[in-house]
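S.K.: I'd like to go over a predicted model; first the sequence, then the structure.
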There are 2 protein chains.
Amino acid sequence: MPPKISSLTDHERPSVAIDLVLLTVRDRTLHVLLMRRPDQGETWALPGGFVRIADSIEATVERVLRDKARLPGAFVEQLYTFGAPDRDPRGRVISVAHYALAPAERLEDAVCASPDLTLAALVVAPDGAITATLPDGAAATLAFDHGAILAQAVQRLRGKLDYTAVGLELLPELFTLRQLQEAHEAILGAPLAKPAFRRKMLDRGFLRPTGQFETGGAYRPAELYTRG
Amino acid sequence: MPPKISSLTDHERPSVAIDLVLLTVRDRTLHVLLMRRPDQGETWALPGGFVRIADSIEATVERVLRDKARLPGAFVEQLYTFGAPDRDPRGRVISVAHYALAPAERLEDAVCASPDLTLAALVVAPDGAITATLPDGAAATLAFDHGAILAQAVQRLRGKLDYTAVGLELLPELFTLRQLQEAHEAILGAPLAKPAFRRKMLDRGFLRPTGQFETGGAYRPAELYTRG
DNA sequence: AGAATAGTGTCTCTCAGACAGTATCTT
DNA sequence: AAGATACTGTCTGAGAGACACTATTCT
């Protein structure tokens, strides 16, 4: 019997999980959805779940998105697979990390529906280190290597902003160019020039004007756009 | 006992493997290292191996690189994790795919040392589909989902060419700008303008002139550069 | 001398950043 | 009318592509 086949049956196998970095923008600040971990003291964790033997990775992500974050159908992309032998003290767990984006309202609904969820603001230090700040102002202690996963998700998102329409996933159906620019600025942590931002977005054809305008504002209403 | 803990012990666990897309440039064409699979008929596969329970993913990659491809220390980066339940007919195997780059000479040495290895040229069809062509001119039949893994590796490499010095990994210690340009052109499948290419490479500081010149050429010798 | 390639100078076009200006809405 | 914001026109500088030119080596 060739050794390759025997490896399938003989060797002890690790558990495989997925973890989800669910990001949104609220109050001009990037936020992440965290779950309370009662078994780990006052630490917080990214929503996650084990990959069952008959499920694909994508199906597992969708299940976690539905059951733990109550956000089926959000934008998701695979991020990186973390497999250090000691990353989870409970045993050997390899985690296929994903990041997901959703409008703030949808995440707020999810947080209201479950007392174990919270939205933590991401504060970027001058040296680039990221701190997740809980609503009470305290810094969240993250379980396992979830801090590293979070940092990598933010980095990936920043890189994708330049050449994709990924920022649109953070906004509701109809939005103004100012909202989109504020979302970009929140992710990049730096201000952007308005005229250049407008031209770039419109020239690329990622969005389409609707002819409708925002209401309720104190000043001149801006036009509403949608994905196009 | 909370359900999270029980998942670690109760559930049936998948096998986890790594697969390696080992790329190089030879004769102005991108090539990939393939292994013969006697148990799968006349099909070819990417070098790979199972992640042992106490090994990290990186250690597994290094082991495969050393034992199967005989190329320790090559440039490697994680690519994507493939986890469709039916991707391997022998059982449930989740594969963390990586891609690696090495100079052609080093890969040719590895191929000479092992009769189960070959270098297949990657021919890109007008529609973008990639065919691995064996030295005898026949198209290689790839095992499992290795065709999809290969395609994704090429796509990632193309994207990285623009903003990183990743092309240098494909060349020997000393190289000319023409060699570097030919490597880029082989990966992109399109010709590049010489002056623009020179300026970009030199301005970015990725490489450093050595003052030495190539020898044995039929015409004017070009200066040799190295990483810097 | 001629051929082939190495390497450079210059023009243009595109695009991002910056600034200032005009337009339109609310109070 | 005043004030605030939406939206636009224009200048400038950086960088890529195209082209032509000079430089150097071998036959």
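M.R.: Sure, I can see it.

S.K.: tell me the contacts of residue A:142?
M.R.: Residues near residue A:142 by CB atoms under 8 Å, 6 or more residues apart in numbering or on different chains: A:34, A:43, A:44, A:45, A:46, A:132, A:150. (C-beta placed from N, C-alpha, C; glycine too.)

S.K.: which of those are buried?
M.R.: Buried members of these, counted by 16 or more other CB atoms under 10 Å in any protein chain shown: A:34, A:43, A:44, A:45, A:46, A:132, A:150.

S.K.: pLDDT check: weakest of the contacts of residue A:142?
M.R.: Ranked by pLDDT, those bottom out at residue A:43 (93).

S.K.: distance from the chain centre to the biggest helix by length in chain A, please.
M.R.: Taking DSSP state H as the assignment, the helix of chain A that covers the most residues is helix A:146-161. Between the centre of helix A:146-161 and the centre of its host chain there is 9 Å, according to CA atoms, centre = their mean, to the nearest Å.

S.K.: who does it touch, helix- and strand-wise?
M.R.: Helices and strands touching helix A:146-161, as assessed by 3 or more CB pairs under 8 Å, 6 or more residues apart in numbering or on different chains; DSSP states H and E, comprise strand A:15-26, strand A:75-82, strand A:93-101, strand A:130-133, helix A:177-188.

S.K.: in the fourth one, what counts as buried?
M.R.: Spelled out, that is strand A:130-133. For strand A:130-133, the neighbour count (16+ other CB under 10 Å) marks A:130, A:132 as buried.

S.K.: tell me the two of the buried ones among the contacts of residue A:142 that are most distant?
M.R.: Maximum pairwise distance in those, criterion CB to CB, is 13.4 Å, between A:43 and A:150.

S.K.: can you list the buried residues in the strand or helix carrying residue A:225?
M.R.: Applying DSSP states H and E as the criterion places residue A:225 in strand A:223-227. The neighbour-count check on strand A:223-227 (16+ other CB under 10 Å) flags A:224, A:225 as buried.

S.K.: for stretch A:101-109, same thing?
M.R.: So for stretch A:101-109, counting by 16+ other CB under 10 Å, buried means A:101, A:102, A:103, A:104, A:106, A:107.

S.K.: what mean pLDDT does that stretch have?
M.R.: Mean predicted confidence for stretch A:101-109 is 95.

S.K.: now, which of the contacts of residue A:142 sits nearest DNA strand D?
M.R.: residue A:132 (29.6 Å; CB to the nearest atom of the strand).

S.K.: so that closest one touches residue A:150, yeah?
M.R.: Yes. Residue A:132 is in contact with residue A:150 according to CB atoms under 8 Å; the separation is 6.9 Å.

S.K.: spell out which parts of chain A neighbour chain B.
M.R.: With CB under 8 Å from any CB of the partner chain as the criterion, chain A comes near chain B at residues A:2, A:4-5, A:7-9, A:11-16, A:39, A:50-58, A:78, A:80-81, A:83-85, A:90-94, A:96.

S.K.: mind redoing it with 6 Å?
M.R.: A:7-8, A:12-16, A:50, A:53-54, A:56-57, A:81, A:83-85, A:90-92, A:94, A:96 (CB under 6 Å from any CB of the partner chain).

S.K.: selecting buried members of those in PyMOL, what would you type?
M.R.: The buried subset of the residues of chain A next to chain B, as determined by 16+ other CB under 10 Å, is captured in PyMOL by this line:
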select buried, chain A and resi 7+8+13+14+15+16+50+56+57+81+83+84+85+92+94+96
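
S.K.: pLDDT-wise, which helix or strand of chain A ranks last?
M.R.: Scoring the helices and strands of chain A by mean pLDDT, DSSP states H and E places helix A:3-10 at the bottom, with a mean of 52.

S.K.: run a quick neighbour tally on residue A:39.
M.R.: Neighbour count of residue A:39, defined by other CB atoms under 10 Å in any protein chain shown: 12.

S.K.: swap in residue A:128?
M.R.: 10.

S.K.: so where's chain A shaky on pLDDT?
M.R.: Where chain A drops to pLDDT under 70, the residues are A:1-10, A:40.

S.K.: can you tell me the element residue A:209 falls in?
M.R.: strand A:207-213.

S.K.: and that strand, what's buried?
M.R.: Residues residue A:207 are the ones in strand A:207-213 that count as buried (16+ other CB under 10 Å).

S.K.: so what strands line up beside it?
M.R.: Strand A:207-213 sits in its sheet next to strand A:223-227 (antiparallel), going by DSSP bridges.

S.K.: gap between stretch A:179-196 and the chain center?
M.R.: Taking CA atoms, centre = their mean, one finds the center of stretch A:179-196 at 18 Å from the center of the full chain.

S.K.: need the distance between the two termini of it.
M.R.: Distance across stretch A:179-196, first residue to last, is 15 Å (CA to CA, to the nearest Å).

S.K.: ditto for stretch A:179-198
M.R.: In stretch A:179-198, first residue to last residue: 12 Å (CA to CA).

S.K.: what lies in contact with the longest helix of chain A?
M.R.: Here helix A:146-161 makes contact (CB atoms under 6 Å, 6 or more residues apart in numbering or on different chains) with A:19, A:21, A:45-46, A:79-80, A:97, A:99, A:130, A:166, A:184, A:187-188.

S.K.: of those residues, select the buried ones using a ChimeraX command.
M.R.: Selection of the buried residues among the contacts of helix A:146-161 in ChimeraX, burial being defined by 16+ other CB under 10 Å:
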select /A:19,21,45,46,79,80,97,99,130,166,184,187
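
S.K.: closest one of the contacts of helix A:146-161 to chain B?
M.R.: Lowest distance from chain B to those (CB to the nearest CB) belongs to residue A:80, with 6.3 Å.

S.K.: measure the closest one to residue A:20 for me?
M.R.: Residue A:80 is 13 Å from residue A:20, where distance means CB to CB, to the nearest Å.
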